[in-house]
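Participant: here is my input; please provide its structure:
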Amino acid sequence: MILIRILLVLFFIFVIDWYSYQAFRTLFSNHSWIKIVFWLFSIAVYLFVIYGFLSFDRSSNSTLNLGRLISLLVLSMIPKLIIIGLLFGEDILRLLTGTYQSVSGTNEGDFLPDRRKFVSQTALVLSAIPFLGILHGVLIGKYRFRVVNHTLEFEDLPEEFDGFTITQISDIHSGSFDNKKKLEYAVELINKQESDIILFTGDLVNNHSEEMEPWIETFKKLNAPMGKYSILGNHDYGDYISWPSKEAKAANMKRLYEIHEELGFRLLRNESVKLQKLALSEVEGPVLSEVEGPVLSEVEGAGASIDLIGVENWGKGFAQHGDLPKATANLSDQSFKILMSHDPSHFDEEVKNFAQFIHLTLSGHTHGMQFGIEIPGFIKWSPASLRYPKWAGLYEELGRYLHVNRGFGVLAFPGRVGIWPEITVLKLKKKKL
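Facilitator: Numbering: from 1, shown residues only. Got it, this is the predicted structure:
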């Protein structure tokens, strides 16, 4: 079975190579060394594919090697597919022209006219654009962190939380990191936002808890006066690899819980906490704290509060461990609520029509497919939009907000093209009536 898969992949690659090679042969007919380089690169891709298939082990942590294989295939194939698109269009025209000339008796040479160098030149120039973009995405793009700011206004936001700031990060995918200095820079950038609270919306690892071990000391440096909270994403459960036993998988999960604690994150698993902020008149300066248990009205002498809710992964087409009714069972209908839920499909499927009004939902998961084009005010597109109607940025429906973070790390393809790693800062404001 493995051999058949390898042969099918190699055949597919060869067909793409052979067809795209026609542009090189037409354009560089007098430069045999360029054609030799083309085939040497193609052969290197073949060998790497064979090695990748034969060495891949679902029970091992081979994410980086798999990522390198995917990046090489993407770097090799996408430019060639663009070349094929133009050459195929030209071949249709050549076929129609040859057929017409044969029927009309005006054909004085071969049935098919020669390829035009202009088409081959255009194909190679256009193919260089994604080639350079993908190369940039692998070498630079995946660590090109950017801060995205949003200000949201709510009529029922407690006065004491006017100006309250949240830094959201999501999809760290620690098993794909290979540059400690870049990560230290990103952690410093998060801390520079000086937000009241840091919320992490899932996928700490790709598959294994051990992937996070080398980076614990780096991410422990994240700090916020009101604390750090986290939830689980679909990759955190270890469902995408083979385990020697149920006990081994359970031990991996237990270690992941411990790592959240070592990082200083309070992991919320279908539960909520009450974030309390005393009125300025009660103390000299604001005091932020976490209160668990009864609702605010039952806490004698307390100031204003908001409810922070965290559910386990709930995704359409994915495992649904999340239990929103359980997480909100003891909450007041009138309280201001923020929900952390990894998969944005949860918002459309359950959250926006949930009995209790949830003001703001924070999600991640999509990564924006790590590929797309965004020009503010003009265009925002990614293949992720074909799967997720709400795939990146801020959305509002039925008076409830959803923010989908584009992700901090990468998965599978070890790069980002046009969709950069994101640190989100959301400021909550009291809407003036």
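Participant: tell me what residue 395 is bridged to.
Facilitator: When bridges are taken as DSSP bridges, the partners of residue 395 come out as residue 402.
Participant: so it makes contact with residue 388?
Facilitator: No. Contact criterion CB atoms under 8 Å: residue 395 and residue 388 do not qualify, at 10.7 Å. Just so you know, the C-beta spots here come from the backbone N, C-alpha and C atoms, and that holds for glycine as well.
Participant: which residues are common contacts for those two?
Facilitator: The contact sets of residue 395 and residue 388 overlap at residue 404 (CB atoms under 8 Å, 6 or more residues apart in numbering).
Participant: now the helices for the stretch 51-200 of the chain?
Facilitator: 63-104, 117-139, 180-192 (DSSP state H, counting those that start in this stretch).
Participant: tabulate those helices in TSV, adding columns for mean neighbour count, distance to residue 412 and mean pLDDT.
Facilitator: Shown next, in TSV, are the helices of the stretch 51-200 of the chain (neighbours: other CB atoms under 10 Å; distance: least, CB to CB, whole Å; pLDDT from 0 to 100):
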stretch	mean neighbour count	distance to residue 412	mean pLDDT
helix 63-104	16	5	79
helix 117-139	17	12	88
helix 180-192	16	19	98
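Participant: nearest to residue 336, out of the ones you listed?
Facilitator: Closest to residue 336 of those is helix 180-192 (CB to CB; 24.3 Å).
Participant: once you drop chain neighbours, what's closest to the most centrally placed residue in the chain?
Facilitator: The centre of the chain sits closest to residue 367, judged by CA atoms, centre = their mean, with a distance of 1.5 Å. Closest residue in space to residue 367, ignoring its immediate chain neighbours: residue 407 at 4.2 Å, by CB to CB, 6 or more residues apart in numbering.
Participant: can you list the buried residues in stretch 191-198?
Facilitator: Going by neighbour count (16 or more other CB atoms under 10 Å), the buried part of stretch 191-198 is 193, 195-198.
Participant: tell me the one of those nearest residue 69?
Facilitator: Set against residue 69, the nearest of the buried residues of stretch 191-198 by CB to CB is residue 198 (34.1 Å).
Participant: show me the beta-bridge partners of that closest one.
Facilitator: residue 167, residue 228.
Participant: next up, the contacts around it.
Facilitator: By CB under 8 Å, 6+ apart, the contact list for residue 198 reads 166-169, 190, 222-224, 227-229.
Participant: for residue 185, same thing?
Facilitator: For residue 185, the contact set (CB under 8 Å, 6+ apart) comprises 143, 145.
Participant: return the helix or strand in the chain with minimum mean pLDDT.
Facilitator: The weakest-scoring helix or strand in the chain, judged by mean pLDDT, DSSP states H and E, is strand 288-291 (a mean of 54).
Participant: partners of the following helix or strand past that strand in the sheet?
Facilitator: Using DSSP states H and E, the next helix or strand after strand 288-291 towards the C-terminus is strand 304-310. Here strand 304-310 has these sheet partners by DSSP bridges: strand 271-277 (antiparallel), strand 337-340 (parallel).
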